[in-house]
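Here is a sequence together with a model predicted from it:
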Protein chains: 2
Amino acid sequence: MSLHADVMQMKKMLANLDLWIEKAIAHAESKKFDANVLAGARLAPDMYSFSRQVQSACDAAKFVAARLTGSQAPAHPDTETTMTELRERCAKTIAFLDAIPAASFDGSDTREVVVPYLPGLYCLGADYMREQAAPNFYFHVTTAYAILRHNGVDLGKRDLFGALTLHPAK
Amino acid sequence: MSLHADVMQMKKMLANLDLWIEKAIAHAESKKFDANVLAGARLAPDMYSFSRQVQSACDAAKFVAARLTGSQAPAHPDTETTMTELRERCAKTIAFLDAIPAASFDGSDTREVVVPYLPGLYCLGADYMREQAAPNFYFHVTTAYAILRHNGVDLGKRDLFGALTLHPAK
């Protein structure tokens, strides 16, 4: 079985995240404050800043795609300090996800995945996606969203989800 | 294909959420404030309170399980006002998820799912889970977590994920 669709869902969420950043920049302009103040915003002093949440969401998607396909994940140093640079980080990650052929994910559900933070252990691809990669990805994406909402950026559920695959009722 | 494992992942996250509430109650006791103040906490005035985040996470899991199996979802009125009542809400939801036989999810990936908020349309079970139910579920669970962290409750990534399915490296 292929987990390609799950990675494409992450790609869609990163495009949504990019849109939230674009809206945050517009919000800052309308309120006449420096949008990059938001890059350092956080919900608690010992939680990641907005920048780090975006970087972590991008990395969660990048690493699950690489590990499920045996691809080399490109290095993306966490050097972004501006909202525009964070949009570029999203774009780079999306480009990497797009460059992996869908067929490379064939059999990824039973692939034995080894992660650096669990030495001496492996997990099966489907468990890795379901129990670690997806919850971690959504954790960082949602916290990024919450930081913007906490700071007055006007986002709603439609921004959260993006486009849905729907069919006309029969 | 069955989406049972995805629903069991939601069940695990609800058990994690229940643990966070337990830790929040202990935190309030140690700081000598009323734990139920946290039930009304929110990250922005136009975002849901902690209570509503917990209720929404529970409902997201309940409704996806019901819709994927053609089961009747039990009514759970949003009457909880205390942290202890929110723990009971998690328990009731977990009990409902547990009561659905795994076999009822056979073929759930291609089941045509109709949701009340998208009239005249349907989505396939796998798309519904991936594009709507899971992102919505993780949105509410993560925001509940963020509200507690914002209010000083000591939670970490281990509390977020819970137990993982791992195997010893060969």
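Received the coordinates, thanks. Since we're looking at a predicted model, the values are computed, not measured. Residues are numbered from 1 along each chain as shown, chains lettered A, B, ... in the order given.

use CA for all of it now, contacts and neighbours both
Fine.

what's the helix or strand for the residue nearest in space to the middle of chain A?
With the centre of chain A defined as its mean C-alpha position, the nearest residue by C-alpha atoms, centre = their mean is A:Ala57, 3.3 Å away. Using DSSP states H and E, the element containing A:Ala57 is helix A:50-69.

Pull the residues that contact that helix.
A:7, A:10-11, A:14, A:38-42, A:71-73, A:78, A:80-81, A:83, A:86, A:89-90, A:93, A:96-97, A:104-105, A:108, A:111, A:113-114, A:125, A:129, A:133, A:136-138, A:140-141, A:143-144, A:147 (C-alpha atoms under 8 Å, 6 or more residues apart in numbering or on different chains).

repeat for stretch A:146-164
A:12-13, A:16-17, A:19-20, A:23-24, A:27, A:38, A:41-43, A:50, B:43-44, B:131-132, B:135, B:143.

about what we covered before: need the pLDDT of the residue nearest to the centre of chain A.
As predicted, A:Ala57 sits at a pLDDT of 98.

What parts of chain A come near chain B?
Listed as neighbours of chain B in chain A under the rule C-alpha under 8 Å from any C-alpha of the partner chain: A:6, A:9, A:43-44, A:120-124, A:127, A:130-132, A:135, A:138-139, A:142-143, A:146, A:149-152, A:161, A:164-169.

could you flag which of the residues you listed are buried?
A:6, A:9, A:43, A:121-124, A:127, A:130-132, A:135, A:138-139, A:142-143, A:146, A:149-151, A:161, A:166 (16 or more other C-alpha atoms under 10 Å in any protein chain shown).

Mind checking which of those residues land in helices?
Among those, the members falling in helices (DSSP state H) are A:Asp6, A:Gln9, A:Asp127, A:Pro135, A:Tyr138, A:Phe139, A:Thr142, A:Thr143, A:Ala146, A:Arg149, A:His150, A:Phe161.

Let me have those residues in CSV, extended by pLDDT.
Shown next, in CSV, are those (pLDDT from 0 to 100):
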residue, pLDDT
A:Asp6, 98
A:Gln9, 98
A:Asp127, 97
A:Pro135, 98
A:Tyr138, 98
A:Phe139, 98
A:Thr142, 98
A:Thr143, 98
A:Ala146, 98
A:Arg149, 98
A:His150, 97
A:Phe161, 96
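
Just the endpoints, please. Distance across stretch A:107-115?
18 Å (C-alpha to C-alpha, to the nearest Å).

Distance from that stretch to the middle of the chain?
The gap between where stretch A:107-115 is centred and where its chain is centred comes out at 20 Å by C-alpha atoms, centre = their mean, to the nearest Å.

Next, count neighbours for the spatially closest residue to A:Leu86 that is not a sequence neighbour.
By the measure of C-alpha to C-alpha, 6 or more residues apart in numbering or on different chains, the closest residue to A:Leu86 outside its immediate chain neighbours is A:Glu80, 6.0 Å from it. The burial count assigned to A:Glu80 is 18, neighbours taken as other C-alpha atoms under 10 Å in any protein chain shown.
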